[in-house]
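A.B. asks: Predicted coordinates and the sequence they were generated for:
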Amino acid sequence: MKTAILLVLAYLLGSIPSGIWIGKLFFKKDIREFGSGNSGTTNTFRVLGKAAGLIVFAMDLLKGTLATCLPIIFHLDINPLWFGLVAVIGHTLPIFAGFKGGKAVATSAGMLLGFAPLFFCYSVVFFLIILYITSMVSAASITSAIFVTLSSIFLPYIWPTILPTQNWLLTLVCFLLTCYITYRHKENILRIKNGTENRVPFGLNKKEK
């Protein structure tokens with residue numbers, strides 16, 4: 001019973017539509033009506049600005065982290081990744097926002113932070129490198145998801161300090177999330193191919209102000 005209750009709590013945590021709530025509460029805007037129409041971090045930055053974007057990013061990240069830590073906090077002998085994955089499902093299919101949510105990137109990163117902090121830091125470094133090279137959040141997100149999945153397989157053998165043991169559930173979850181993240185970015189991929197993808201004011205190909 002405790003496990004079921006905590007899984008529901010993990011889903012509800014993931015379902016918190018940070019971008020929508022911040023937009024409506026402080027800016028009187030529904031960010032789904034502006035920009036890309038997405039309720040996630042990137043569109044929040046674009047529509048509401050840096051401060052709001054950072055707050056929403058932190059909220060989306062930490063709700064994945066907190067959900068992943070639930071079995072540890074309540075002393076359950078269950079792999080925390082299940083709770084993190086449920087939170088990601090909540091983020092993408094939020095009950096508080098008509099089951100239309102974000103693209104899973106920030107909350108997936110939060111899950112990784114809760115499960116393996118050093119692996120999370122390692123992954124963030126790669127993400128920032130790709131973001132600097134491309135100046136595109138979408139490209140960095142997709143590439144990083146693939147990189148994390150592959151790293152979950154090989155890293156325990158080549159750099160065990162970062163990821164000490166092989167965990168096939170981690171690899172499976174990363175693979176599933178990579179597929180989902182790539183699918184949710186299908187329109188971004190088309191824009192990348194056409195050279196019309198949105199760029200951020202950071203990196204080698206940054207957007208000019």
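C.D. replies: Looks like it came in fine. Numbering: from 1, shown residues only.
A.B. asks: What's the separation between Gly203 and Asp60?
C.D. replies: Distance, Gly203 to Asp60, by CB to CB, to the nearest Å: 22 Å. C-beta here means a position set from N, CA and C on the backbone, and glycine is covered the same way.
A.B. asks: How about residues contacting the strand or helix carrying Glu187?
C.D. replies: In this structure, Glu187 sits in helix 186-194 according to DSSP states H and E. Helix 186-194 has contacts (CB atoms under 8 Å, 6 or more residues apart in numbering) with Met136, Ser138, Ala139, Ile142, Thr182, Glu197, Asn198.
A.B. asks: Hmm, Thr3 is touching Asp77, no?
C.D. replies: No: judged on CB atoms under 8 Å, Thr3 makes no contact with Asp77 at a distance of 9.8 Å.
A.B. asks: what about those two, which has more around it?
C.D. replies: Using other CB atoms under 10 Å, the more surrounded residue of Thr3 and Asp77 is Thr3, with 15 against 6.
A.B. asks: quick one: contacts for the more buried one?
C.D. replies: Shown in contact with Thr3 (CB under 8 Å, 6+ apart): Pro71, Leu76, Ile78.
A.B. asks: tell me, what's touching Thr3 and Asp77 both at once?
C.D. replies: Joint contacts of Thr3 and Asp77 (CB under 8 Å, 6+ apart) are Pro71.
A.B. asks: In the helix holding Glu187, which of the residues would be classed as buried?
C.D. replies: By 16 or more other CB atoms under 10 Å, the buried positions in helix 186-194 come out as Asn188, Ile192.
A.B. asks: returning to what we had before: now, which of the contacts of helix 186-194 lie within helices?
C.D. replies: Of the positions in the contacts of helix 186-194, Ser138, Ala139, Ile142, Thr182 sit in helices, assigned by DSSP state H.
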